[in-house]
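[1] With the input below, show me the fold.
(chains A and B)
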Amino acid sequence: MVAMAQCMQNRDLHAAWQALYGVMDPEIPVISVVDLGIVREIMLNDDGLEVVITPTYSGCPAGQQIEQDIRAALDNAGLKDARLKVSLSPPWTTDWMTDAGKENLRRYGIAPPAKAAGKRALFEEADAVACPHCGASDTELVSEFGSTACKALWRCLACREPFDHFKCI
Amino acid sequence: MAAAAEQARSKADDADLFEVALRLGDSALILGQQLSGWTSHGPTVELDIALQNHALDLIGQARLFLDYAGRLEGKGRDEDKLAYFRQAGEFRNCLLAEQPNGDFAQTMLRQLFYATYARALYAGMEAEGEGELAEIAAKAEREMAYHVRHAGEWVVRLGDGTKESHKRCQTGLAALWPYVHELFMADEIDQRLIAAGILPAFEDVKVEWMTSVSSVLERATLAIPEDDWMPSGGRQGQHTERLSYILGEMQSIARSDPEAKW
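    As a prediction, the model looks like this:
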């Protein structure tokens, strides 16, 4: 009986991860909330499944939508009893984005964030960002603030295409 | 270390924590509301978007602070109730946040002053404190770093730009300088929270602020005005007339149908 209960629990855990891998960012529909690092952990406690999520940028207008989508995905996976816990600490960083997620971004035309959370000093030159279209590193920053709170606007000087760069925080 | 912080936290009074959460939340909210006034009026489309992003960051931070304040108070006021159903005298934002947008130069100077202050304060809160305020501060600090950089670069470009842009920067600087002093004036509530390890010492925040801001102004070839008039009281609820107009606009929809559900 114990073994069977254990097995059922593992199945729930697996089902939760599976379900959440399918929840895409509403503004960047090629990256899942797991690859973004929004789903911090899924735990099996005595009283059931707990999904810990973390908000990205404080002002992200997609935040509420993401939370609702995660809830709906868990419900649809038959995990209606799973609890959703929002945790602020430690604060979300783009370092938590998975390599698979970064590759998806790049293929979608968004230059992924660099590995180290970039805390560039005042007046320091921005690190070179490779163009997601042609791969050239001859690019320039157009605006630190792009089409959404998480992106900056860049331009490739080799292929002349503009592109978004996921801001590092 | 953790035990010491825990002890400090228990020494801090909930009423004091409520006040400081309002002060930080209201400053972010009012400044965010003002910045959103630039929407569709920015000098270029990129700057229009940048200012909206700044506004979103600040309003997002305000929501976190006000939500926390509401739960601390325990009287059923959520972030929306606190934002939309308080009068001007109940707001605790610093006076700097309610200063007019003016021209783009003045808005960038105001942003530089506020963001540099918020970043230093939040970094200190993050380092010293534990608990929810420190968590919110840690999150907001990273975002404010972007604001400091953006505003700093524009202040240099405009200050060290044309004769006209330099003149406008110097005028904006003179208009805003009196309101920066309030940021570093610790009242009894602040002092208790500094002693409890929730807030960093304001003198340290001021030193960091002055070092950073004066290096930007020097690059921008702008002269720091003489310290003269130093109005204060915003963080205690004494505001300029302007706040009422800001609130009038910000709160009108929520007040026209208080029971509305989205």
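[2] quick one: residue A:140 and residue A:158, what's the gap?
    For residue A:140, the distance to residue A:158 equals 11 Å [CB to CB, to the nearest Å]. C-beta coordinates here come from the backbone N, C-alpha and C atoms, glycine included.
[3] Could you do residue B:34 as well?
    Taking CB to CB as the measure, residue B:34 falls 40 Å from residue A:158.
[4] now swap in residue A:53 and tell me
    39 Å.
[5] ok, now residue B:79?
    According to CB to CB, residue B:79 stands 46 Å off from residue A:158.
[6] Tell me which of these two has more neighbours.
    Shown here are residue B:79 and residue A:158; by other CB atoms under 10 Å in any protein chain shown, residue B:79 has more neighbours (19 against 13).
[7] List the residues that contact the spatially most central residue of chain A.
    By CA atoms, centre = their mean, chain A has its centre lying nearest to residue A:36, at 1.5 Å. Shown in contact with residue A:36 (CB atoms under 8 Å, 6 or more residues apart in numbering or on different chains): A:25, A:56, A:96, A:97, A:101.
[8] among those residues, which are in helices?
    Taking DSSP state H as the definition of helices, the contacts of residue A:36 contribute residue A:101.
[9] how about JSON lines for the contacts of residue A:36, with pLDDT and distance to residue B:48 added?
    Converted to JSON lines, the contacts of residue A:36 look like this (pLDDT from 0 to 100; distance: CB to CB, whole Å):
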{"residue": "A:25", "pLDDT": "93", "distance to residue B:48": "24"}
{"residue": "A:56", "pLDDT": "87", "distance to residue B:48": "22"}
{"residue": "A:96", "pLDDT": "90", "distance to residue B:48": "31"}
{"residue": "A:97", "pLDDT": "92", "distance to residue B:48": "28"}
{"residue": "A:101", "pLDDT": "94", "distance to residue B:48": "30"}
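[10] so which pair among the contacts of residue A:36 is furthest apart in space?
    The most widely separated members of the contacts of residue A:36, counting by CB to CB, are A:25 and A:96 (13.7 Å).
[11] neighbour-wise, which of those two wins?
    Neighbours around residue A:25 and residue A:96, counted as other CB under 10 Å, are more numerous at residue A:25. The numbers are 23 against 17.
[12] Which residues of the stretch 51-200 of chain B lie near chain A?
    B:52-61, B:63-64, B:132, B:134-136, B:138-140, B:142-143, B:145-146, B:148-150, B:152-153, B:156 (CB under 8 Å from any CB of the partner chain).
[13] Kindly list the main-chain dihedrals of residue A:136?
    phi -70, psi 150 (degrees, to the nearest 10).
[14] Okay, it and chain B: tell me how far apart.
    Between residue A:136 and chain B the distance is 22 Å, computed by CB to the nearest CB, to the nearest Å.
[15] Report pLDDT for that residue.
    Note on residue A:136: pLDDT of 93.
[16] just the one 4 residues further on next, same as before
    Note for residue A:140: predicted pLDDT of 92.
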